[in-house]
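Novice: this one's structure only:
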């Protein structure tokens, strides 16, 4: 599906989503509200024309004022790709998990949980994965994380 | 810390495989729940060599951060560098000279060969056969020597820079690669005689560690793990970069879905890499090996994503730029991390021996998983 | 002529001439004990360096080449290192069993040296049930492994010990049945009788295909019984780190190590005795001239040559084959080797009754 077709299909699917023009990678970006994410994700996965079955990248960006969850999706059948972004509150970041839709999300969400502190609601096993057990304090990938001993500043 | 528990409430044995264990190839820690010899659950614990490369990169310039990435998947260091360089080039809209493109592809394929050689040896060692390891290293050493001559390093080459490669090929390069190809073709049959055709080996590999194509996609597995289940996932074919679209090679697909299929994918992939090198080694175009770039690189505001096929699968580099000299946020989508997430699915219900075999065919490199 | 039996006879004569028969016997026992311990140590050193050289040869490398001429003293240096290392006992271990286990392994290996004929008329104890004695005593070795695995208070050790228990107990069956084939053909359990019966040709050549099958099964079964790759599931390095001896260090580890190698020697010696004629030179029926030439080679050379050839074969297995999985290992024994060797034994019995062998 080309980007134009994708755009119209997505517009019909979720009226609230703001769809940006193609970026440097040639991918559309759908900006959605975090509360709509689960239903949106389900339709992205299941609508026959879309069939985004491969979540190839899941990450988060700290914009100092807010966090943004970034999901990179691909359909291995239709060969199209899409970026989905959801803005999160920085003090209490929460979003629904998609681990049951794309199972790769289970590990990636655990990583984002410990490095950014995003709470994934209904995640099957939300525990620390990389950081030592019992890690407390700031989440390492947040911009205001400081570690005077181990961090290199140039 | 981990509670001091020997058994679960159902009376199953819990053993810690790793962080120091001969079969985990590094510091992977698996908490395995066993019922006798049968595996009920495998839970990876990561982070023993987590260096937070993503955080480090935020304070390094676009020229500097590429060197750190050699330390992620150190067995395909070239390809990591390559993916990062491509991402920066995408931001700068930089055209790479044809000579540099060919050199990059040649180096990528040599790296892939070297990586698969090491995997082959280590895989056989996991199954209890020590000898293949030395046979694999016999050929791998030659590749490392070639790399050393041109790049100055044997493992973390740091040869790719934005706009091309750091310096020109060594004058001996072409001849030595040709010699290597001859040697390799003479020795490749030993691999099949020693391991592939062995009845014990086949019995250990066939029908264990099964993952269906649907699960492969759902777990985000890429590379030989996906192709062993018949899922087309070769970035070189699907999203060709550099000159891969002009080259003749096949994407290796096996439909066994088991450990043996994944093994065969890698064995056959080595032959495809040899094919690519043969096509290119006599056809390196003359010209610049590096495009002209400014001393200080600044990427425009925006997001850039590039992907490359490492020996383990699809490596994604995601750069968020705010227009400065350093990335605002960088994310490496490492193939090993996603492949590892399928481990529990692969081995549940199998024996301990199957766990080792399946782990071997996932070709885990722990720094790639931890980053 | 210098031969081991002459030396033994001379010592016996000299002792009996100078002391009362009781004292002579006691002194002889002491000498035999010292000789066994010496042989034990020497075998350990020789087999370890042999294994390292063989593996190096198979793996296109040089192997140890620094200590002594061509690295021949390497295993001596290793032994010294193991001797001076601290022998640790883990905290939760069952101290008695943990410390006794390596000695049990070693004593079993030593006991097994008793009925082996190292050369013509050179045997510690030619008892009339030699083969039965060997099968009986070798079964005890599993106890030492179970003791070590259980007492270590380590889950890897326990898994290794349990694997080993299942493995040794099952493979003993086909090893025993393979040995029985020769006993049936010879009609005697006495080692010297078995060797004597091969004067006009070794059983491997005289006994038609059934004996060859028995020989192959014997080699497979004893490889499994001695926990050697591809049947080294009890220690399975890549699975169970070191299996039943994970927690052992220093001299206690060395004893296990030594016992393993001596066990390999013993099973190969038994294989050589039963199937390849022991110290008996290579004889062909009535070719007296040929047989006479063969007799010129000392019997001890024949014995050690055959034994070390079999040891080499077993080492060759180890360095080329991957390891089996536990269920495949047991399947191989119970579904294939055991039925085959039972049927084979019937065939051998038929051959023996009808006198079809040469």
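Specialist: Arrived safely. Every value quoted in this text rests on a predicted model; they were computed, and no experiment measured them.
Novice: List the buried residues of the longest helix anywhere in chain C.
Specialist: If you go by DSSP state H, chain C has its longest helix at helix C:21-58. Residues of helix C:21-58 classed as buried by neighbour count (16 or more other Cβ atoms under 10 Å in any protein chain shown): C:24, C:36, C:40, C:43-56, C:58. Where C-beta positions appear, they are placed from N, C-alpha and C, glycine not excepted.
Novice: how many other residues sit next to the nearest residue to residue C:285 once chain neighbours are set aside?
Specialist: Distances taken as Cβ to Cβ, 6 or more residues apart in numbering or on different chains put residue C:200 closest to residue C:285, at 5.5 Å, once the chain neighbours are dropped. Neighbours of residue C:200 under the rule other Cβ atoms under 10 Å in any protein chain shown: 14.
Novice: cool, the one 5 residues further on as well?
Specialist: Number of residues near residue C:205 (other Cβ under 10 Å) recorded here: 18.
Novice: what's the answer for residue C:298, then?
Specialist: Residue C:298 has 17 neighbours, counted by other Cβ under 10 Å.
Novice: burial count for the residue in chain A positioned nearest to chain C?
Specialist: Going by Cβ to the nearest Cβ, chain C is nearest to residue A:133 of chain A, at 20.9 Å. Residue A:133 is flanked by 10 other residues according to other Cβ under 10 Å.
Novice: Make sure I have this right: it is in a helix.
Specialist: No. Using DSSP: H, G, I helix; E, B strand; the rest coil, the secondary structure at residue A:133 is coil, not a helix.
Novice: distance of it from residue B:105?
Specialist: Distance of residue A:133 to residue B:105, computed by Cβ to Cβ, to the nearest Å: 44 Å.
Novice: and what of residue B:349?
Specialist: 42 Å.
Novice: now residue A:17
Specialist: For residue A:17, the distance to residue B:105 - Cβ to Cβ - is 39 Å.
Novice: More neighbours: the two, which one.
Specialist: Just comparing residue A:17 and residue B:105: by other Cβ under 10 Å the higher neighbour count belongs to residue B:105, 22 against 17.
Novice: Report whether the expected contact of that one with residue B:281 is present.
Specialist: No. Residue B:105 is not in contact with residue B:281 according to Cβ atoms under 8 Å; the separation is 10.8 Å.
Novice: Once you drop chain neighbours, what's closest to the residue in the stretch 51-200 of chain C that chain A sits nearest to?
Specialist: Nearest residue of the stretch 51-200 of chain C to chain A (Cβ to the nearest Cβ) works out as residue C:155 at 20.9 Å. Nearest residue to residue C:155, sequence neighbours excluded (Cβ to Cβ, 6+ apart): residue B:15, at 4.8 Å.
Novice: Which residue is the nearest non-sequential neighbour of the residue of chain C found nearest chain B?
Specialist: Nearest residue of chain C to chain B, counting by Cβ to the nearest Cβ: residue C:323, 2.9 Å away. The spatial neighbour of residue C:323 that comes closest, neighbours along the chain excluded (Cβ to Cβ, 6+ apart), is residue B:128 at 2.9 Å.
Novice: Now do the same for that neighbour: helix, strand or coil?
Specialist: Going by three-state DSSP: residue B:128 is coil.
Novice: Give the phi and psi angles for whichever residue of chain A sits closest to chain B, as a check.
Specialist: Closest to chain B within chain A is residue A:104: 3.0 Å, counting by Cβ to the nearest Cβ. Phi and psi for residue A:104, reported as degrees, to the nearest 10, are phi -60, psi -20.
Novice: In this structure it contacts residue B:219, no?
Specialist: Yes. Because the distance of 5.1 Å satisfies Cβ under 8 Å, residue A:104 is recorded as touching residue B:219.
Novice: With neighbour numbers in mind, choose between the two.
Specialist: residue B:219 (28 against 24).
Novice: number of nearby residues for residue 127?
Specialist: Looking at chain A here, since you left the chain open. 11.
Novice: oops, I was thinking of chain B
Specialist: Neighbours of residue B:127 using other Cβ under 10 Å come to 27.
Novice: what does residue B:253 give?
Specialist: There are 17 residues near residue B:253, going by other Cβ under 10 Å.
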